[in-house]
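Chemist: What follows is a predicted protein model with its sequence.
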Amino acid sequence: MNQKEQFKRIIKCFFLATSILLHMIIFWIVWLQYYNSNIELPFFRKGNWLMASLYGALFFSFTNTYGGFKVGYLKKADIVYSQVLSTICVNAVTYLQICLLDRHFVNGVPLILLTFIQILIITIWTNVFQRFYSMMFPPKKMILVYGERSVFGLKTKIDTREDKYNICETVNIKKGMDYIFERLKGYEAVIIGDIPSQYRNVIMKYCFEKSIRTYLSPKISDIILRGSDDIHIFDTPLLLSRNNGFTFEEKFLKRITDIILSVLLLLITSPIMLITTILIKLYDGGTIIHRQTRLTMGGMEFDVYKFRSMIMNAEKDGIARLSAEGDVRITPIGKIIRRTRIDELPQLFNILKGEMSLVGPRPERPQIAAEYREYMPEFDYRLKVKGGLTGYAQIYGKYNTTPYDKLKMDLMYIENHSFLLDLKLILMTLKVIFMKDSTEGIAEGQTTATLVPGEYSEEDKNITG
């Protein structure tokens, strides 16, 4: 098993190195043929190597951020999309570099042609390599261990990746540990659902001893522990969880970043906002900006600004509800601006006012938050930091992701926050803007992203897991 995993890593490294090398060679040709020979002070051998190396470094950085090297992990279409987006970003940055070197705007057509050639290569190379990878490493045979809580939702999600996972058997912990250990022997990996800690710990230790790969659905306490610091003052290991949200230094740096980036984004997106304003007004003559009361740090309420995407008086009955699939309240203009997230742009003014941050948990409506608290009092843990325009749950979740899963992702962000993580999430926002599944509405008949029956048990209402 260890040799197989080592071989898999070598194959992935080969894909990474080959992808970077291909892009560097193509750029090298374009650079020498169209740009270096025409700039005012052309480079020689070492300078050309430097440009190609810098291009490779940029391609690696962007593609690694967007997950374009995660062959065997992401879907084939996602890998292609990630690499294409990375290529566009790298070529845009490279164009600005060349303009700075030549001290004026240069012809961008060669780089545009380069981009189309790269997209073709990315599509072909990724398809060929992914097919080879799937043949070499078929889906893992797995067993799912579950308890009282339903695992229907989790199993359904895992079954969508038949290329990677193959759940051959499910077993309830009521069968007993001896029975479970016997069943584990025939599988490459085990998925441990949200079961009581005493059973989970025993299974994890057994899997560690037998080198069985383990996938775990984390409890809230697990996520808090992930953000803990190691303490080595004594000869007994300790973990320290400060549980105070962000430090003063993090808050200061975050605020400065919010101001600078929100001003830049307002300048860049001002033409889009102007066109959106005109279209909304021309459609029905109604209000342009829609205000909603939301919760931010410490439970404080504020009015969030959004371009109106629904008909006037969409909630005239006074009931707060999320948009559903095929929601008739959404206008034709609203469908477009919601799909592309343009409706969120006015929140840049909320950020400038200090009510929100660029990155953070999505601020929730008080009525909906109160409903979620009935199932999980821990939902207010998100309020240790300011709400955000984008964030961990917004990137890795969907509009209709259950509140319990969103809470977990928000806590992952809070407990593992760093300046680099914020930058990564901002860049990742570009990736999810055009992904349809990230804006999926809730099911018809629901007012909130309520939990699947059994997703949050009575035990969890009383015990923080």
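Modeler: Alright, I've got the coordinates.
Chemist: going forward, measure contacts and count neighbours with C-alpha atoms only.
Modeler: Fine.
Chemist: where exactly do the helices run in the stretch 1-150 of the chain?
Modeler: 2-30, 45-66, 76-102, 109-136 (DSSP state H, counting those that start in this stretch).
Chemist: In TSV, list the ones you listed along with mean pLDDT.
Modeler: Listed next are the helices of the stretch 1-150 of the chain as TSV, based on pLDDT from 0 to 100:
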stretch	mean pLDDT
helix 2-30	90
helix 45-66	93
helix 76-102	94
helix 109-136	94
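Chemist: show me the contacts for residue 173.
Modeler: Residues near residue 173 by Cα atoms under 8 Å, 6 or more residues apart in numbering: 145-147, 180, 199.
Chemist: Mind giving me the PyMOL command for buried ones among the residues you listed?
Modeler: In PyMOL syntax, the buried subset of those is picked out as below (16 or more other Cα atoms under 10 Å):
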select buried, resi 145+146+147+180
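Chemist: Can you tell me which of the contacts of residue 173 is closest to residue 32?
Modeler: The closest of these to residue 32 turns out to be residue 145 (Cα to Cα; 58.4 Å).
Chemist: Any idea what that closest one is bridged to?
Modeler: residue 171, residue 192 (DSSP bridges).
Chemist: residues in contact with it?
Modeler: 170-173, 190-193.
Chemist: So which elements touch the helix or strand in which residue 204 is found?
Modeler: If you go by DSSP states H and E, residue 204 is part of helix 197-210. Packing partners of helix 197-210 (3 or more Cα pairs under 8 Å, 6 or more residues apart in numbering; DSSP states H and E): helix 177-184, strand 213-216.
Chemist: between those, which gets nearest to residue 140?
Modeler: That would be strand 213-216 among the helices and strands packed on helix 197-210, by Cα to Cα, at 9.9 Å.
Chemist: Only alpha carbons, please: show the closest one as PDB.
Modeler: The C-alpha trace of strand 213-216 is given here as PDB (Å, rounded to 0.1, in the frame of the first residue of the first chain):
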ATOM      1  CA  ARG A 213      -6.900   5.200   5.200                       C
ATOM      2  CA  THR A 214      -9.600   7.100   7.300                       C
ATOM      3  CA  TYR A 215     -12.100   9.700   6.200                       C
ATOM      4  CA  LEU A 216     -13.700  11.500   9.100                       C
END
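Chemist: ok, residue 244 - how many residues close by?
Modeler: Residue 244: 10 surrounding residues under other Cα atoms under 10 Å.
Chemist: Pull out the buried positions in the helix or strand where residue 256 lies.
Modeler: Counting by DSSP H and E, the element that carries residue 256 is helix 248-284. Buried residues in helix 248-284, counted by 16+ other Cα under 10 Å: 254-255, 257-259, 262, 266, 273, 276-277, 280.
Chemist: need those in TSV with pLDDT and distance to residue 93, can you?
Modeler: Formatted as TSV, these follow (pLDDT from 0 to 100; distance: Cα to Cα, whole Å):
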residue	pLDDT	distance to residue 93
254	96	24
255	96	26
257	96	20
258	97	22
259	97	23
262	96	20
266	96	20
273	96	24
276	96	28
277	96	30
280	94	34
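Chemist: The helices of the stretch 1-150 of the chain: which one's closest to residue 423?
Modeler: helix 45-66 (9.8 Å).
Chemist: Which pLDDT value belongs to residue 36?
Modeler: As predicted, residue 36 sits at a pLDDT of 88.
Chemist: Ranking helices and strands of this protein by mean pLDDT, which lands last?
Modeler: In the chain, the helix or strand scored least confidently by mean pLDDT, DSSP states H and E is helix 458-462, which has a mean of 38.
Chemist: Wasn't residue 168 part of a strand?
Modeler: Yes. Counting by DSSP: H, G, I helix; E, B strand; the rest coil, residue 168 is part of a strand.
Chemist: Look up how far residue 150 lies from it.
Modeler: Residue 168 sits 17 Å away from residue 150, going by Cα to Cα, to the nearest Å.
Chemist: So these two - more neighbours on which side?
Modeler: More crowded of residue 168 and residue 150, by other Cα under 10 Å: residue 150, with 17 against 11.
Chemist: possible to save the contacts of residue 145 as JSON lines with pLDDT and distance to residue 43?
Modeler: Formatted as JSON lines, these follow (pLDDT from 0 to 100; distance: Cα to Cα, whole Å):
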{"residue": "170", "pLDDT": "92", "distance to residue 43": "63"}
{"residue": "171", "pLDDT": "93", "distance to residue 43": "65"}
{"residue": "172", "pLDDT": "93", "distance to residue 43": "67"}
{"residue": "173", "pLDDT": "92", "distance to residue 43": "68"}
{"residue": "190", "pLDDT": "95", "distance to residue 43": "56"}
{"residue": "191", "pLDDT": "95", "distance to residue 43": "55"}
{"residue": "192", "pLDDT": "93", "distance to residue 43": "57"}
{"residue": "193", "pLDDT": "89", "distance to residue 43": "59"}
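Chemist: Can you say which of these are buried?
Modeler: By 16+ other Cα under 10 Å, the contacts of residue 145 give 170, 172-173, 190-193 as buried.
Chemist: how close does residue 291 sit to residue 365?
Modeler: 11 Å.
Chemist: Give me the more crowded residue out of these two.
Modeler: Each of residue 291 and residue 365 has its neighbours counted (other Cα under 10 Å); residue 365 has more, 20 against 13.
Chemist: Now do the same contact list for the nearest residue to that one once chain neighbours are set aside.
Modeler: Excluding its sequence neighbours, the residue lying closest to residue 365 (Cα to Cα, 6 or more residues apart in numbering) is residue 294, at 4.5 Å. Shown in contact with residue 294 (Cα under 8 Å, 6+ apart): 301-304, 363-366.
Chemist: mind listing what the helix or strand containing residue 294 pairs with, with the direction of each?
Modeler: Using DSSP H and E, residue 294 sits within strand 289-295. Next to strand 289-295 in the sheet, as set by DSSP bridges, lie strand 301-307 (antiparallel).
Chemist: Please save the CA atoms from the strand it pairs with in PDB.
Modeler: Extracted in PDB, the C-alpha atoms of strand 301-307 (Å, rounded to 0.1, in the frame of the first residue of the first chain):
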ATOM      1  CA  GLU A 301     -27.200  44.200  13.200                       C
ATOM      2  CA  PHE A 302     -26.600  46.200  10.100                       C
ATOM      3  CA  ASP A 303     -28.200  46.800   6.700                       C
ATOM      4  CA  VAL A 304     -26.400  44.900   3.900                       C
ATOM      5  CA  TYR A 305     -26.600  46.500   0.400                       C
ATOM      6  CA  LYS A 306     -27.400  44.400  -2.700                       C
ATOM      7  CA  PHE A 307     -28.600  45.100  -6.200                       C
END
